Every structure is written in structure tokens, then in C-alpha cells.
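Engineer: All I have is the shape, not the residue letters:
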């Protein structure tokens, strides 16, 4: 009898991380999900074990990995979906706010990869699935912290894939467009971006556009199933972009049009040139 495959999922309590974790469980994988809001294994589901995990804490990551290995002595896949977003202008997003986003979205990912890799190398197999974003490919106004973290993920994944290929390990970058169901506690606003800000009108316009796009976005459950199907392929696709047509088009335009034209399109869409009255 073939042993059940095991996947670790970070950010498994909400949004795309939760949907992906559930999709793996539905497909018969043993899911060991981590999130800050999880208590110690409160799950009564056959394929889903929940453990506390704060990816910004080295001690928490170490404890999670040790407990996960005690539950299942293997890790066939690692899904890094833990993320936080801080909306704000580049001028008014503090260094502490930038650090919080980078620690969660990028550095936390590298910590978890370093705990999974030794076992994957020993198994001579493994799938590492890193959640990037359309924002890992292009920037939009007032999302500089999130965009920077996802650009970092894109470069990191390319390096990781080259270094680990000879150990039978495959890497995938998931690049979602807008999806519904995001949690408000992971969508924060820069403290200094108040109604006295010189950017206030443009910022409010951009936030409204972002909220509109997310509210009309794709369904997270469908993305989760696509991630699982890719993980179960003999050769994973390195990039798995899941987005509506207009966001696929935005990536294409960003790649081929002059920067000035791209900037004009995005500034107009998000209202980035609006002045306070």
C-alpha cells in the first residue's frame, strides 16, 4: 500500500492558503497546516492537522517542523502561502512596515524551505510551491511593500529551482491575480497614510479599485485545485498563473510596452494622479 503523501502549508487559516490546504486534503494528501491563529491540532478531519506557526519567528518555524516530522516522517510538498499586505505610498510606508511585509512574505518562506529541504534531499524528491502574485511581475500604486516582497520571491524561486534540481526537487511559483475571500487582518494600511497625506485622494482611489477587483475576483477553491493538479504532475509547471484575462493582458503589456505607456495605463486605472481638493 502506497504511503499517503504529506504536504506542509503555511498561511493555512484563510484566503488562498486555506483553499489550497483544503484542496490537498480533498485529494487525499495528509495536510499539516500552519497559521498563527491555529491552536495545537484542534482538527478532527482525517487528512488535516493544524499546528501553530508564525513564519516570522525562527523558534516557531523550528517547532512546527519538528512536530510535523513527528506526525509524518516525510514531506512530499511544501506550500508557502503565508502573506500580509500593507497599503500605502512609498513615502509614508515606514521601514518597520516594509520589514513586517518582507519578514512574513519572503523571509518566512526561506525559513520554511530550509526546514523542508534536508528531508526532501534525503527522499530524493519534493515539490516546493511558493505563492508569488501578479504583483511579483509588475507594480501598482500604493502596494510597494507587497510588490517588493513578491518580486523577491520570483528571483529566489529561480535560484532555488536551479540549486535543487539534481536532488529530484521541483519548484513552482503560483502567480494569482485577484481572488475573493481575503482576510482583512492581512490587509493593512500604512499608519502615516491618513487623510492629511498629500497622496490621500489618489490613495483612496487606488484602494477602491483594489477592493473592487478583489470583490469580483476568481474563486479561491478553484485555484487550490489547480495547485494540487500541478503538484501531482510528473513535471510541475514552474509558473502557474491563475488570473482573469485582463490581468494576463496586463502582464503581457508590462513585458512588451514601453515603461511610460505602462505607467500611464496603471496610473489612470488606479487614479494615481488624483490630487487632494
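Structural biologist: Thanks, I have it. Computed from a prediction, not measured in an experiment: that's the story for all the values here. Residues are numbered from 1 along each chain as shown.
Engineer: CA only for contacts and neighbour counts going forward, please
Structural biologist: Noted.
Engineer: Pull out the buried positions in stretch 257-272.
Structural biologist: By neighbour count with 16 or more other CA atoms under 10 Å, stretch 257-272 contains the buried residues 262-263, 266-267, 270-272.
Engineer: Work out the gap between the host helix or strand of residue 65 and the centre of the chain.
Structural biologist: Using DSSP states H and E, residue 65 sits in helix 58-71. Distance of helix 58-71 from its chain centroid, counting by CA atoms, centre = their mean, to the nearest Å, is 20 Å.
Engineer: I'd like the next helix or strand past it.
Structural biologist: Using DSSP H and E, the first helix or strand after helix 58-71 is strand 77-80.
Engineer: Which elements pack onto that following strand?
Structural biologist: Counting contacts by 3 or more CA pairs under 8 Å, 6 or more residues apart in numbering; DSSP states H and E, strand 77-80 is packed against strand 6-10, helix 108-123, strand 126-131.
Engineer: neighbours of residue 208, just the number please.
Structural biologist: For residue 208, the neighbour count with other CA atoms under 10 Å is 14.
Engineer: repeat for the one 3 residues further on
Structural biologist: Other residues near residue 211 number 14, with proximity taken as other CA under 10 Å.
Engineer: what's next to the helix or strand where it lies, contact-wise?
Structural biologist: Element membership for residue 211, per DSSP H and E: helix 200-215. The contact list for helix 200-215 (CA atoms under 8 Å, 6 or more residues apart in numbering) reads 87-89, 141-142, 178-182, 193-194, 269-276.
Engineer: all strands in the chain, in order from the N-terminus.
Structural biologist: 6-10, 30-35, 48-52, 77-80, 85-87, 126-131, 169-176, 187-189, 239-242 (DSSP state E).
Engineer: neighbouring strands for the longest one, and are they parallel or not?
Structural biologist: Taking DSSP bridges as the criterion, strand 169-176 forms sheet pairs with strand 126-131 (parallel), strand 239-242 (parallel).
Engineer: repeat for the fourth one
Structural biologist: Strands flanking strand 77-80 in the sheet, each with its direction: strand 6-10 (parallel), strand 126-131 (parallel) (DSSP bridges).
Engineer: Between helix 108-123 and the longest one, find me the angle.
Structural biologist: Per axes from the mean of the first three to the mean of the last three CA atoms, to 10 degrees, the angle that strand 126-131 makes with helix 108-123 is 170 degrees.
Engineer: Much appreciated, bye for now.
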